[in-house]
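K.L.:
Sequence plus predicted model, see below.
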Amino acid sequence: MKFGLLVLLVLALGSVAAHFLLQDNGYVLINFRGYAVEMSVPVAVFLLLLFYFALRLLIRIWQAPRQLGEAAARLSAERAGRRATEALIAIADGKLAKGERLLTKAAAKSPAPVLNYLAAARAAQMQGDRERRDAWLRLAYEHDEDAANAILLAQADLQLANGEREEALASLNRILERQPRHPEALRLLARLRHEEQDWEALAALLPMLRKLRNIGRDQLERWTLDAAIGRLGRPELDRAAIDALWRELPRAFRQRPEVRRARIEALIRAGADAEAAEEIRRALKQSWDERLVELFGRLRPPDPRRQLAQIERWLRQRPEDPMLLLAAGRACVRNELWGKARSYFESSLAMRPSAETYGELGKLMLRLGEDAAATDAFRRGLQLEQGGAEELPQLVAETPRSDPEATSQG
């Protein structure tokens, strides 16, 4: 643009110079409808330049209101952007009320006012004001109904963070009614189901979430594990239901120790102790798991002698395993081997004192009629449960002394 004006200016100056330097300045004749206009070439060039600049001036005058409006809008948007930045810095610095005020003041002139209202809603919730939070969310929706899904997602996220699970579910359902496979809504719904420990509902969502691939692998794996363990932990499961749930699980998850343990616990609750014992034996061959040993010791199989023989075979390989010694003691009690049971319990306590083992020893001492030893074991176990902060009093009552007068009267 500037170059073109420069060229025209040079031409104009050249034509004026030619008018004075050249004897023949050229001749221009314009004849239109009987009217004739005569002039020299330099004058014609000058008039053309004058016309051009007059036309440019008229165009600029015509465009001035729009350009002034655009400039004012740009200035206003820049000012709103600066206020929004200042507001976010204030929120990050803990000045929530100031940040919220700046965001809402800048919203009217912001190029994206919905973002201002959403950020203000978050700031209001951080101050514990649900009503004001919901008011900003309503303003965001009224300002741009096309952004309804984004606003509802932000609302559900805030409600979840605030423990409003029913309200969050209603917000997510509104999105899913219009868009059943909305990735972010399904992710938040899965998070809600996980928090509610609604394992059946979470398990129903997992296949779709795997296809959408909008969730990190670790998170999806955690939800899959928790859903599997939670479903296997239902007390009403019978043998057939346990097998059906097991078949639904991906093969890789069936080998996870925590999932196998949940299945074994389910078998025990269903009364399938013999099968649970076999599952434990197979699992312990692959990797030693102290919690499975503890479960094996609690089993009540049809043949308790076989159970004890298995534990003692393991003990030959792990003679100083406190949980294995506890399991051996429990198996000895079932086989009525009182002395052996006591020895195993005391060996376990020597390796690792625990309230659970003291409890088993106390029950055994009561069975054997050794009340003082039983009381001491229970006292030590209770002291361990309470963190051993202080010594607990003896619980055995002293034997009342005989009254000499009563004796003499007798």
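P.N.:
The structure has been received and is ready for your questions.
K.L.:
Where does pLDDT dip in the protein?
P.N.:
The model of the chain has pLDDT under 70 over residues 1-29, 34, 37-42, 44, 63-81, 83-84, 87, 388-410.
K.L.:
Domain-wise, how is it divided?
P.N.:
Using automatic domain parsing, the domain parsing of the chain gives 1-58, 216-267, 272-389.
K.L.:
which of those domains is buried the deepest?
P.N.:
Burial of the domains of the chain is given as mean neighbour count (mean count of other Cβ atoms under 10 Å); domain 272-389 ranks first at a mean of 17. C-beta coordinates here come from the backbone N, C-alpha and C atoms, glycine included.
K.L.:
and the residue nearest the centre of the chain, what element?
P.N.:
Per Cα atoms, centre = their mean, the C-alpha nearest to the average position across the chain is that of residue 191, at 6.5 Å. Take DSSP states H and E as the rule and residue 191 turns out to sit in helix 183-196.
K.L.:
so what does that helix touch, helix or strand wise?
P.N.:
Contacts defined by 3 or more Cβ pairs under 8 Å, 6 or more residues apart in numbering; DSSP states H and E place helix 183-196 against helix 148-161, helix 165-178, helix 199-212, helix 217-232.
K.L.:
Ok, which of the ones you listed comes nearest residue 286?
P.N.:
helix 217-232 (18.0 Å; Cβ to Cβ).
K.L.:
Helix or strand next in line after the closest one, which one?
P.N.:
The helix or strand immediately downstream of helix 217-232 is helix 239-248, counting by DSSP H and E.
K.L.:
how far off helix 199-212 does that next one point, in degrees?
P.N.:
20 degrees (axes from the mean of the first three to the mean of the last three Cα atoms, to 10 degrees).
K.L.:
Mind giving me the packing neighbours of helix 239-248?
P.N.:
Applying 3+ Cβ pairs under 8 Å, 6+ apart, we find helix 239-248 packed against helix 217-232, helix 257-269.
K.L.:
picking that back up, closest to residue 117 out of the domains of the chain?
P.N.:
Residue 117 sits nearest to domain 216-267 of all these, at 29.2 Å, using Cβ to Cβ.
K.L.:
first to last residue in the closest one, what's the distance?
P.N.:
End-to-end distance for domain 216-267: 32 Å, by Cα to Cα, to the nearest Å.
K.L.:
Phi, psi for residue 337 please.
P.N.:
Backbone torsions for residue 337, taken as degrees, to the nearest 10, come to phi -100, psi 80.
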